[in-house]
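A.B. asks: Next comes the sequence, and after it the predicted model I'd like to discuss.
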Amino acid sequence: MLTEPIITSDPLEQAASLIKHSKYVVVMTGAGMSVESGIPTFRGEGGLWTRYGPPKMDGFKQFRDDPVGWWQKRINQQMDAHIIELRDALVAAEPHTGHHALAGLEKVGAVHHVITQNIDGLDLKAGLKNLTEIHGNRSRLRCIQCGQRMSLGDFVPIEPPEPCASCGGSIKFDTVMFGEPIPADTLAEARRQIDMATCVVAIGTSASVRPASGLLWIAKANGASVIEINPNETKLSPISDVIVRSSAGSALNSLLNLLKICEETPSGAANEPTQDVRSA
Ligand SMILES: [Zn+2]
């Protein structure tokens, strides 16, 4: 244990204070962030792998060995049951109030960058601007050779996509598969952000999927303070400076309220009502 975690009667105020006094705040979100939008988690109670069994770990190899065959299976709906359930949940999902609150925290300058392990694109949909989607985004396609990304747009897989127009490489969903390395540009950007962070906030992540989770330990080693928002204890808990045992939505809304007040209230007027807030 590197630091004694601070568990106060009001950890949200501790977290808000830490965020407010930090120069560069990077948030990392995991599956627990999207569960309130109806997207199932993978691990733990009710998780996809708990119900359907562990996934095959060689998804990327299967794709690389036979991209056309992989797409044919997809077109013929011959996917594993957990993938079908996840796909349907992703299609139906909308951002929840926590996604909007996170975008709000960015807007008031409290959060500078978000690294998400989620592939659902809900952060973008909620209006977040500074985002690294470390496991890709399911609404894009990507060339596995040159890394070029294309919006999925109206693409419906009724036949395998044409090879990349730039390099002839195979095209897959942008989503990072098992056994697939994180695209180098994405990983480099995530690392650049982590190296700038003076505070990291881990929300709804079990902190067990590498290399994303490793970034949190790098931030800690760099001297950043660590805030954990998670209803459950995780591997990150022992090195966290503040722990908020809460769902993502509730905690983010509370943080936005606390930090918005800090932002909007001029010093010395802490008790003044702030009803007269007109949009600029
Ligand atoms: Zn290409």
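C.D. replies: On my side now, so go ahead.

A.B. asks: Which strand residues bridge the residue nearest the centre of the chain?
C.D. replies: The centroid of the chain falls nearest to Thr116 when counting by C-alpha atoms, centre = their mean (2.0 Å). Counting by DSSP bridges, Thr116 is bridged to Thr29, Glu133.

A.B. asks: who are the neighbours in contact with it?
C.D. replies: Going by C-beta atoms under 8 Å, 6 or more residues apart in numbering, Thr116 touches Met28, Thr29, Gly30, Met33, Asp123, Leu131, Thr132, Glu133, Ile134, His135. Placement of C-beta: from N, CA and C, glycine included.

A.B. asks: Same check on His96?
C.D. replies: Glu36, Ser37, Leu122, Gly249.

A.B. asks: farthest pair in the residues you listed?
C.D. replies: Leu122 and Gly249 (11.8 Å; C-beta to C-beta).

A.B. asks: what packs against the longest helix seen in the chain?
C.D. replies: Secondary structure of the chain per DSSP state H: the longest helix is helix 248-264. Helix 248-264 sits against helix 11-20, helix 97-107, strand 199-203, strand 225-229, with contacts defined as 3 or more C-beta pairs under 8 Å, 6 or more residues apart in numbering; DSSP states H and E.

A.B. asks: Could you point out which of these sits nearest the ion?
C.D. replies: Comparing these by their distance to the ion (C-beta to the ion), the top pick is helix 97-107, with 31.5 Å.

A.B. asks: What residues sit buried inside that closest one?
C.D. replies: Thr97, Gly98, His99, His100, Ala101, Leu102, Ala103, Gly104, Leu105, Glu106 (16 or more other C-beta atoms under 10 Å).

A.B. asks: my guess is Thr97 meets Ala251, correct?
C.D. replies: No - in this structure Thr97 lies outside contact range of Ala251 using C-beta atoms under 8 Å: 11.1 Å.

A.B. asks: Please identify which of the contacts of Thr116 is nearest to the ion.
C.D. replies: Nearest member of the contacts of Thr116 to the ion, counting by C-beta to the ion, is Glu133, at 19.1 Å.

A.B. asks: right, and the closest one touches Leu187 too?
C.D. replies: No - counting by C-beta under 8 Å, Glu133 stays clear of Leu187, with 11.6 Å between them.

A.B. asks: These two - which one has more neighbours?
C.D. replies: Glu133 (23 against 16; other C-beta atoms under 10 Å).

A.B. asks: In contact with that one, which residues?
C.D. replies: Neighbours of Glu133 in contact, by C-beta under 8 Å, 6+ apart: Thr116, Asn118, Ile119, Gly121, Thr186.

A.B. asks: for Thr198, same thing?
C.D. replies: Ser22, Lys23, Tyr24, Val25, Gly223, Ala224, Ser225.

A.B. asks: Let's see that with 7 Å instead.
C.D. replies: Ser22, Lys23, Tyr24, Ala224 (C-beta atoms under 7 Å, 6 or more residues apart in numbering).

A.B. asks: Would you confirm that the last one contacts Cys199?
C.D. replies: Read it as Ala224. Yes - with contact taken as C-beta atoms under 7 Å, Ala224 and Cys199 are classed as touching, separated by 5.7 Å.

A.B. asks: Count the residues that sit near Pro238.
C.D. replies: 14.

A.B. asks: same thing with Gln193?
C.D. replies: Residues near Gln193, counting by other C-beta under 10 Å: 22.

A.B. asks: now Gly179
C.D. replies: Neighbours of Gly179 under the rule other C-beta under 10 Å: 14.

A.B. asks: doesn't Phe60 make contact with it?
C.D. replies: Yes - counting by C-beta under 7 Å, Gly179 touches Phe60, with 4.1 Å between them.
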